[in-house]
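*Asks:* 3D, please:
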Amino acid sequence: GLDDISDPMAAENARVRTLVLVANPGVGLLAEPRYVQATLPLPQAGYAKVVLELDVNNHPGVMSHICNLFARRAFNVEGILCMPVSDGRRSRIWLLVFEDRRLEQMVLQLEKLEDVLTVRRHGTEHEVFERLECFFH
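*Replies:* Predicted coordinates:
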């Protein structure tokens, strides 16, 4: 996650520097220089890709919750596909991710989300993303 660094000297050791925009009701957006340290993603070389198949409740915000879970941990999602199933009360989400040492913990955290009903892991040979590749080449 992101940790504020209040001491500018300590910020010299930070991995990422950014400019934070602060909303002020009377003035609008104010630029406030601030330093933050971010968790950098692990190198992806040498890791196999994995397809995660999630059955979820179909309502606004579910996809955002899932993507934010990955984003907060600097875990890159290579591909996302989401479609409603059966009567539209449920959706199926396929995520293409790298299988690094954090994936097991990510799956456990996904399973704890209220709207996630099931999580299944597949290898990269899963046909859902293979069939889509022809649309992107």
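*Asks:* and for whatever helix or strand Arg121 lives in, what are the contacting residues?
*Replies:* Arg121 belongs to strand 116-123 when assigned by DSSP states H and E. By Cβ atoms under 8 Å, 6 or more residues apart in numbering, the surrounding residues in contact with strand 116-123 are 48, 50-57, 66, 90, 107, 110-111. Backbone N, C-alpha and C define where each C-beta goes, glycine included.
*Asks:* which pair in those spans the largest distance?
*Replies:* Ala48 and Asn57 (29.9 Å; Cβ to Cβ).
*Asks:* Show me which of these two is the more surrounded one.
*Replies:* Comparing Ala48 with Asn57 by other Cβ atoms under 10 Å, the one with more neighbours is Asn57, at 13 against 9.
*Asks:* List the residues that contact that one.
*Replies:* 89-91, 115, 117.
*Asks:* Can you name the residues bridging to it?
*Replies:* Beta-bridge pairing for Asn57 (DSSP bridges): Arg90.
*Asks:* which one of the contacts of Asn57 has the most neighbours?
*Replies:* Ser91 (20 neighbours).
*Asks:* which residues does that one contact?
*Replies:* Ser91 is in contact with 55-58, 62, 82-85, counting by Cβ under 8 Å, 6+ apart.
*Asks:* Going by neighbour count, which of the residues you listed are buried?
*Replies:* When these are checked for burial by 16 or more other Cβ atoms under 10 Å, the buried set is 55-56, 58, 62.
*Asks:* where do the strands sit along this structure?
*Replies:* Here the chain has its strands, by DSSP state E, at 3-5, 16-24, 28-37, 49-57, 77-85, 90-98, 116-123.
*Asks:* For those strands, which has the smallest mean pLDDT value?
*Replies:* Ranked by mean pLDDT, the strands of the chain bottom out at strand 16-24, with a mean of 40.
*Asks:* isn't Phe75 right up against Gln105?
*Replies:* No: taking contacts as Cβ atoms under 8 Å, Phe75 lies outside contact range of Gln105: 9.6 Å.
*Asks:* Among the two, which residue is more densely surrounded?
*Replies:* Each of Phe75 and Gln105 has its neighbours counted (other Cβ under 10 Å); Phe75 has more, 19 against 11.
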